[in-house]
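**Student:** need coordinates for the below:
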Amino acid sequence: MMQPARPPDALHRHQPALQQKYFRALQHAPRSRPRTAQIYAAAAAPAAVLPTWLTPSAKKYRFMTSNKRMVYTAVQPSDSGYTVVITLPAESLPEGRSPKLHWGLYRTSPTWIHPPEAIPNDSWRDDATGAMRSHMHYDQQKDLWHLELKVPRHMAPVLLGFVLWYPESNQFEGSPAGRHFAVPIGMSPGTPSPLGPTLVATGNAAQPQEVPCTLNFAVFSRHATEMSLCLMRADGSGYLEVMLDPYTNRTGDVWHIQLSGLKDVANLVYGWRPNNSSQPTWAEGGRFHPAYIMLDPYCPRALPIQLPQAAYDAAPLLPPEGCVGTCLLGSLAHLVDTFDWQGVTRPNRTLEETVIVELDVAGFTTGHDAEASVPAEHRNTYLGVIDRLKDIQQTGATAVLLGNVFLSSTKPAVLPNGNGSSAVEGPEVRRPLSFFAPDTRFVAGNNPGDAADQLKALIREFHRAGLEVLLEAEFCLTSESGGGIGGRLQSYAGLDGDMYLRGGGGPEATGVLNTGQPVVRQLVMDALRWWATEYQVDGFCFVNAENLTQDQHGGVLDSPPVVEELASDPVLANCKLIAASANDTLLPRLGERGFPHYGVIIEWNNRFGSSMLALLRDNMGGILSNFATRMTGSQDLLAARWDGGLPGGLAAGRRPAFGVNALEPPLAGSLLQLVGAAEDIERAEVVARSLLLAMLVAQVSLEVAVSCAARLTHPVAPEHVVLVNLYTYRLYSMPLWSLSATRLAVGAFSTPAA
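**Tutor:** Okay, here's the model as predicted:
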């Protein structure tokens, strides 16, 4: 039977304390890790100080004490459990010293675990701390002090925490940072790269669910001083939480751990519990709150999970609101699942032949126009978009730009009241929470885990029909503003808001992704590569793209590192990359040359819409020259200009097809809303027709499609001319007021002037 120990003092209630006196003396020691300690912790012990019977499967560790002595340990696995060997060269000890091991097993519990089969015969329990004390034995031939512990397999994964104790002086000797050493048992330190969960190895079993797997987990957090990995089943059962040691489980700013023997991986979910005990909690204005479990930014799938009581029992503090209810955690199903692409490949169309129809999954699969082709169970889902594939093909489109399908949280937009005295709630706003995981709200059926396969099925069927699929990608505003939707931490803000978000984390977090930080640049690039390879998407439209041009302090760069990587990345070389900025004054040189493009990034041409609206909607004078420039291909934006002292990313020229003539940002409101139909519907119809005609002239010819909640952008292709005329006639021959619920064509790729 395990021997319970009394809880340590409140300061270390949730970090196993080997001796209260020892930790009180060191509680004010610096929290940073000396580099020498990290190096020694990761280094293997020399063979001379460890037994020769150890096999290659043994994990070896070397630790340096506060007195510069070296302690060597090894963990040898077997069918029955683990043998832990601790050795200490006697030559490093003063004469007359006989070290004892002051130790205990733990995961995250405030009490030590001492299974009887792990306790050596000559051991006793220290009543003051609850830790076990065992004699180390002297080997005269090797001049070593050593001890072996037997840990049963059912205890793994677990950590062995220990310090050396010298009874002659009643002194303790631990790490230079003032804490105990930690030896992982049934797990290993893991590797810091790649970030996120990784399948390292698999075993053999008759049933797929019984196959033992070895997984590596890694997460970035510079300012956390404590980190725990939380694992459970998707139904909330089988909770396991393991504390990571800052010596063996941390490299630089990355925390990592490797677990073996995990079964039924497809039904496992996980999250991280970060903390910095030297700071106040997030609820008190700090940056962390150990009551919450964070979603891994690198996990490609996420599920809403009802946390079990064990998750609250393991937490150092309870959430301010009590039970947090449903929590988004990362699913590991992608590590073992496969998807059948059925031999379908990408269409790979050129820019000059590309016709893009822009749609929102929810809006396109609901409403009056969707009733005829979308069954009730497919409305507001990925599969509902497939049901309307023929409608999209009838527009003459060759590609579809999907509105935000990243895992997102929603909340009402706050709008000013009419008299400006207060605020009212507007339509809900969806902001991304994960840049790797698909949104589970668009799943057909009751299993959120089907989101990835259903989105892949959408992309596969569109590719089979010859249609490319582009994704709206916003690497700017996230759902982590103000501590997250609902006022609590969920991911970036809770893991390390000072690194992931502009302006830092905490309750006042802005939620704006800090793309100037190297770790966030890596996150952006890894996410885009994931979608391009795993989901076979054909391109991206970067919404609020100006955020990508700023450094970590908000300064605008002529040559932003993340944009340079985008333009030169081999995985993204065949993807269509469209930059759509919301505020051109936040671009380099106040947007004089648009978004830094390096000759390969497509521009969402906001200038076209500004000029068209200024003349045709607002009746502004003195802009005919500007109007003419927009009508003839915006050469001030797209033509090469090497004589202005501009960097190459801004000076290089682009073909006219690299410009998208747009009246408003991607996935904005309808054309009639843009021209003021709410105030004067008759005038709005006239202005809308004039704008469409101007776009036709600017493009030489333009196919304008009306397809429910879709808006059309495209370059001209000769083979579509007949279809262009048919849809243009249809648009002009019907009352525009009847289309007030739809999104009309408001953009088109530039083409050479006639």
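
**Student:** alpha carbons only for contacts and neighbour counts from here, please
**Tutor:** OK.

**Student:** can you give me the strands for the stretch 51-200 of the chain?
**Tutor:** In the stretch 51-200 of the chain, the strands defined using DSSP state E, counting those that start in this stretch lie at 59-64, 70-77, 81-89, 100-106, 123-125, 132-135, 137-139, 144-152, 158-166, 171-173, 181-185, 187-188, 196-202.

**Student:** which one, of those, ends up nearest to Val265?
**Tutor:** With C-alpha to C-alpha, the closest approach to Val265 among the strands of the stretch 51-200 of the chain belongs to strand 196-202: 9.9 Å.

**Student:** need the next SSE after the closest one, C-terminal direction.
**Tutor:** strand 213-220 (DSSP states H and E).

**Student:** for stretch 268-287, buried residues please.
**Tutor:** Within stretch 268-287, the residues scored as buried using 16 or more other C-alpha atoms under 10 Å are 268-277, 281-283, 287.

**Student:** okay, now the closest residue to Glu168 other than its chain neighbours: neighbour count?
**Tutor:** Leaving aside its sequence neighbours, Glu168 sits nearest to Arg97 (C-alpha to C-alpha, 6 or more residues apart in numbering; 7.1 Å). Arg97: 13 surrounding residues under other C-alpha atoms under 10 Å.

**Student:** repeat that for Thr533.
**Tutor:** Counted by other C-alpha under 10 Å, the residues lying close to Thr533 total 12.

**Student:** can you pull the contacts of it?
**Tutor:** Listed by C-alpha atoms under 8 Å, 6 or more residues apart in numbering, the contact set of Thr533 reads Val571.

**Student:** which element is it on?
**Tutor:** Going by DSSP H and E, Thr533 is in helix 518-534.

**Student:** give me the contacts around the helix or strand following that helix.
**Tutor:** Counting by DSSP H and E, the element after helix 518-534 in chain order, helix or strand, is strand 539-543. Strand 539-543 has contacts (C-alpha under 8 Å, 6+ apart) with 401, 469-476, 532, 575-582, 666.

**Student:** report the buried members of the residues you listed.
**Tutor:** By 16+ other C-alpha under 10 Å, those give 401, 469-476, 532, 575-582, 666 as buried.

**Student:** in strands only, show me those.
**Tutor:** 401, 469-474, 576-580 (DSSP state E).

**Student:** so Asp453: helix, strand or coil?
**Tutor:** helix (DSSP: H, G, I helix; E, B strand; the rest coil).

**Student:** what helix or strand is the closest residue to it other than its chain neighbours on?
**Tutor:** Leaving aside its sequence neighbours, Asp453 sits nearest to Phe339 (C-alpha to C-alpha, 6+ apart; 6.9 Å). Assigned by DSSP H and E, Phe339 falls within no helix or strand.

**Student:** now do stretch 299-315: distance to the chain's middle.
**Tutor:** Distance of stretch 299-315 from its chain centroid, counting by C-alpha atoms, centre = their mean, to the nearest Å, is 17 Å.

**Student:** do stretch 234-245 as well
**Tutor:** Counting by C-alpha atoms, centre = their mean, stretch 234-245 comes out at 20 Å from the chain centroid.

**Student:** got the CA coordinates for it in CSV?
**Tutor:** The C-alpha atoms that make up stretch 234-245 are tabulated as CSV, following Å, rounded to 0.1, in the frame of the first residue of the first chain:
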residue,chain,number,x,y,z
ALA,A,234,-12.2,12.1,-25.4
ASP,A,235,-15.1,11.1,-23.2
GLY,A,236,-13.3,12.7,-20.2
SER,A,237,-12.1,9.5,-18.6
GLY,A,238,-8.7,8.2,-17.7
TYR,A,239,-7.1,11.5,-16.6
LEU,A,240,-3.3,11.7,-16.4
GLU,A,241,-1.2,14.7,-15.6
VAL,A,242,2.6,14.8,-15.6
MET,A,243,4.7,17.6,-14.4
LEU,A,244,7.7,18.5,-16.6
ASP,A,245,11.0,19.1,-15.0
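
**Student:** and it, what's buried?
**Tutor:** Buried-residue list, stretch 234-245, by 16+ other C-alpha under 10 Å: 234, 236, 239-245.

**Student:** from these, which one has the minimum pLDDT?
**Tutor:** Lowest in pLDDT among the buried residues of stretch 234-245 is Gly236, which has 79.

**Student:** so Phe462 sits in a helix?
**Tutor:** Yes. According to three-state DSSP, Phe462 belongs to a helix.

**Student:** that one - how many residues pack around it?
**Tutor:** Under the neighbour criterion other C-alpha under 10 Å, Phe462 is assigned a count of 24.

**Student:** is the residue lying closest to it once chain neighbours are set aside bridged to anything, and to what?
**Tutor:** Leaving out its chain neighbours, the residue that sits closest to Phe462 by C-alpha to C-alpha, 6+ apart is Glu468, at 6.7 Å. Beta-bridge pairing for Glu468 (DSSP bridges): Ala399.

**Student:** mind listing what Glu468 touches?
**Tutor:** Residues counted as contacts of Glu468 (C-alpha under 8 Å, 6+ apart) are 346-349, 398-400, 462, 537-538.

**Student:** that one and Thr365: what is the separation?
**Tutor:** The gap separating Glu468 from Thr365 is 19 Å, by C-alpha to C-alpha, to the nearest Å.

**Student:** looks like Ala218 contacts Asp253 (just checking).
**Tutor:** No. Ala218 is beyond contact range of Asp253, at 10.3 Å (criterion: C-alpha atoms under 8 Å).

**Student:** the two: which is more packed in?
**Tutor:** Ala218 (26 against 14).

**Student:** any idea of the pLDDT on that one?
**Tutor:** Note for Ala218: predicted pLDDT of 98.

**Student:** state whether Val556 and Asp584 are indeed in contact, as I suppose.
**Tutor:** No. Using C-alpha under 8 Å as the test, Val556 is too far from Asp584 to be in contact (11.4 Å).

**Student:** flag every buried residue along stretch 614-633.
**Tutor:** Result for stretch 614-633 [16+ other C-alpha under 10 Å]: buried residues 615-617, 627, 629-633.

**Student:** which one among those residues gets closest to Ser670?
**Tutor:** Set against Ser670, the nearest of the buried residues of stretch 614-633 by C-alpha to C-alpha is Arg617 (14.9 Å).

**Student:** remind me which helix or strand the closest residue to that closest one other than its chain neighbours belongs to.
**Tutor:** Distance criterion C-alpha to C-alpha, 6+ apart; nearest residue to Arg617, sequence neighbours excluded, is Val687 at 6.0 Å. In this assignment (DSSP H and E), Val687 forms part of helix 681-698.

**Student:** ok, so of the contacts of Glu468, who is nearest Pro89?
**Tutor:** Using C-alpha to C-alpha, Val537 is the member of the contacts of Glu468 that lies nearest Pro89, at 58.6 Å.

**Student:** which one is that closest one nearest to, not counting chain neighbours?
**Tutor:** Closest to Val537 by C-alpha to C-alpha, 6+ apart is Val469, at 5.6 Å.

**Student:** out of the buried residues of stretch 234-245, which comes closest to Tyr138?
**Tutor:** Closest to Tyr138 out of the buried residues of stretch 234-245 is Asp245 (28.8 Å), distances taken as C-alpha to C-alpha.

**Student:** kindly state the beta-bridge partners for the residue nearest to that closest one when sequence neighbours are not counted.
**Tutor:** Excluding its sequence neighbours, the residue lying closest to Asp245 (C-alpha to C-alpha, 6+ apart) is Ala182, at 6.4 Å. Here Ala182 sits in beta bridges with Gly161, going by DSSP bridges.

**Student:** now stretch 115-135: mean pLDDT?
**Tutor:** 91.
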